[in-house]
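S.K.: pasting the sequence and the predicted model now:
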Amino acid sequence: MNRREVIKMLGLSGAFLATRKFSLANTAAQKNNPIVLSTWYNQAVTANNQAWQTLSTKGSALDAVEQGVMMSENDWENCCVGLGANPDRDGKVTLDASIMNHKSECGSVAFLERIKNPIQLARAVMEKTPHVMLVGEGAQQFAVANGITLEEQKLSEHAKSAYTNWLKKSEYKPVMNIEKGGIIHEPMVPNKLENGKWNHDTIGMIAMDAQGNLSGACTTSGMGFKMRGRVGDSPIIGAGLYVDNEIGAATATGHGEEVIRISGSFLVVEYMRQGYSPEMACKKAVNRIMKKTPRKANEIQVGFIALNKNGEHGAYAINKGFDFAVKSNQLNNTKENAKHIIK
């Protein structure tokens with residue numbers, strides 16, 4: 001055996017031992033140690049608490065994330081998720097959502113109208129069709145065929161007010177509005193709603209259950225006053241959400257076009273596959289956006305959260321203001337502020 005062959009064999013042996021060590025560490029970390037994290041703290045607490053009802057009783061991560069994000073979809077005062085959210089430039093609310101489980105099964109819906117819980121419909125697409133995504137009228141027809149009732153098409157009072165203000169100039173210039181709950185992108189939205197809730201963005205949730213399985217969900221109304229038919233990253237598997245049960249899970253929030261450009265959540269998981277921590281994986285994805293985007297970094301915001309099979313989590317954003325909440329046996333909806341590139 002020559003020198004090159006010896007070096008190669010030693011390298012393979014080292015890789016095997018490292019893999020074995022990683023596998024054992026995973027087993028120890030996953031056992032009876034569920035965890036859930038979701039974007040934007042002020043909505044994440046309620047969502048995480050709902051998800052925890054499933055996780056704490058050894059339920060599946062898939063059920064947990066579905067039930068968790070539905071709390072935001074059901075919140076009529078939410079500016080950016082569910083039917084109470086801001087409309088498009090034609091005054092109609094359109095919703096997007098995606099879900100993915102530990103078997104790499106996934107489903108999504110986009111450009112959806114009059115459906116209260118798009119995440120439920122996304123799961124139905126995953127479980128009842130041979131497809132991954134349904135959109136628009138076809139998605140609505142599928143919902144009705146599966147016993148989902150169409151809601152009345154109307155705007156919430158806060159959305160109606162925001163839309164009326166927007167119509168004064170009818171400018172489509174998504175900007176970052178800094179407020180207590182983080183950074184949002186919908187222009188001319190009041191910083192605080194009458195009931196004391198703060199504006200926020202898409203909710204993305206990722207979780208690991210007591211069995212060590214990962215799942216994720218993402219749901220949004222998209223950018224307020226967007227062009228009719230615009231779809232962002234949230235319903236696109238690999239952009240707004242990605243789960244690989246061998247490695248980890250990630251979800252994104254912010255300007256969807258920038259996330260789509262780099263297949264952001266998939267990229268975060270792939271960086272974790274290479275051995276990077278969740279935080280560093282998110283940071284590298286953010287740096288990729290800054291390298292590829294044609295826009296100025298201080299004009300956009302994107303944030304990622306990630307969770308690996310060891311139960312380790314992390315996040316990173318372009319600009320300051322992105323926060324999230326983590327709940328586990330050790331962490332009771334801890335508020336964490338993501339590190340950011342732009343100082």
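M.R.: Good, I have the coordinates.

S.K.: distance check, M100 against E257.
M.R.: 21 Å (C-beta to C-beta, to the nearest Å). (Each C-beta comes from the backbone N, C-alpha and C, glycine too.)

S.K.: likewise for Y271?
M.R.: Distance from Y271 to E257, by C-beta to C-beta: 21 Å.

S.K.: between the two, which is the more surrounded one?
M.R.: Neighbours were counted for Y271 and for E257 using other C-beta atoms under 10 Å; Y271 has more, 23 against 18.

S.K.: list phi and psi for the residue nearest in space to the middle of the chain.
M.R.: By C-alpha atoms, centre = their mean, the mean C-alpha position of the chain lies nearest to G204, the distance being 2.4 Å. With angles defined as degrees, to the nearest 10, G204 sits at phi -120, psi 130.

S.K.: quick check: the gap between it and K327.
M.R.: G204 is 15 Å from K327, by C-beta to C-beta.

S.K.: and for I342?
M.R.: Look at I342 and K327: by C-beta to C-beta, they are 29 Å apart.

S.K.: the two: who's more crowded?
M.R.: K327 (25 against 13).

S.K.: is it true that the more buried one touches N333?
M.R.: Yes: counting by C-beta atoms under 8 Å, K327 touches N333, with 4.9 Å between them.

S.K.: overlap in contacts, those two.
M.R.: Common neighbours of K327 and N333, using C-beta atoms under 8 Å, 6 or more residues apart in numbering, are N48, N49.

S.K.: give me the element K169 is part of.
M.R.: Counting by DSSP states H and E, there is no helix or strand that carries K169.

S.K.: do the same with A217
M.R.: Element membership of A217 [criterion: DSSP H and E] is strand 214-220.

S.K.: so what does the next helix or strand after that strand touch, helix or strand wise?
M.R.: Toward the C-terminus, strand 214-220 is succeeded by strand 241-244 as the next helix or strand (DSSP H and E). Helices and strands touching strand 241-244, as assessed by 3 or more C-beta pairs under 8 Å, 6 or more residues apart in numbering; DSSP states H and E, comprise strand 95-100, strand 214-220, strand 248-254, helix 264-273.

S.K.: I figured S263 hits G238, correct?
M.R.: Yes: contact criterion C-beta under 8 Å: S263 and G238 qualify, at 4.8 Å.

S.K.: could you dump the helix or strand containing N49 to CSV, C-alpha only?
M.R.: Per DSSP H and E: N49 is located in helix 41-55. Extracted C-alpha coordinates of helix 41-55, given in CSV (Å, rounded to 0.1, in the frame of the first residue of the first chain):
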residue,chain,number,x,y,z
TYR,A,41,-41.4,36.9,19.3
ASN,A,42,-44.7,38.7,19.9
GLN,A,43,-46.6,36.1,17.8
ALA,A,44,-44.2,33.2,18.5
VAL,A,45,-45.1,32.9,22.2
THR,A,46,-48.7,32.0,21.6
ALA,A,47,-47.8,29.8,18.6
ASN,A,48,-45.1,27.9,20.5
ASN,A,49,-47.3,27.4,23.5
GLN,A,50,-49.9,25.7,21.2
ALA,A,51,-47.3,23.6,19.6
TRP,A,52,-45.9,22.6,23.0
GLN,A,53,-49.2,21.0,24.0
THR,A,54,-48.5,18.4,21.3
LEU,A,55,-44.7,18.1,21.8
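
S.K.: got the buried residues for it?
M.R.: 41-52, 54-55 (16 or more other C-beta atoms under 10 Å).

S.K.: and the least confident of those residues?
M.R.: Within the set of the buried residues of helix 41-55, pLDDT is lowest for N42 (89).

S.K.: against C106, how distant is that residue?
M.R.: According to C-beta to C-beta, N42 and C106 sit 28 Å apart.

S.K.: same check, this time on N245
M.R.: 12 Å.

S.K.: can you check N146 too?
M.R.: In this view, N146 and C106 are 18 Å apart by C-beta to C-beta.

S.K.: so between these two, which is more surrounded?
M.R.: Taking other C-beta under 10 Å, N146 and C106 do not tie; C106 has more neighbours (22 against 12).

S.K.: give me phi/psi at the more buried one?
M.R.: phi -150, psi 160.

S.K.: contacting residues for the closest residue in space to it that isn't next to it in sequence?
M.R.: Leaving out its chain neighbours, the residue that sits closest to C106 by C-beta to C-beta, 6 or more residues apart in numbering is M100, at 4.0 Å. By C-beta under 8 Å, 6+ apart, the residues touching M100 are C106, M126, S215, G216, A217, I237, L241, Y242, V243, A249.

S.K.: again, 6 Å this time
M.R.: C106, G216, L241, V243 (C-beta atoms under 6 Å, 6 or more residues apart in numbering).

S.K.: quick revisit: can I get the helices and strands packed on strand 241-244 in TSV with distance to V132?
M.R.: Formatted as TSV, the helices and strands packed on strand 241-244 follow (distance: least, C-beta to C-beta, whole Å):
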stretch	distance to V132
strand 95-100	9
strand 214-220	14
strand 248-254	17
helix 264-273	14
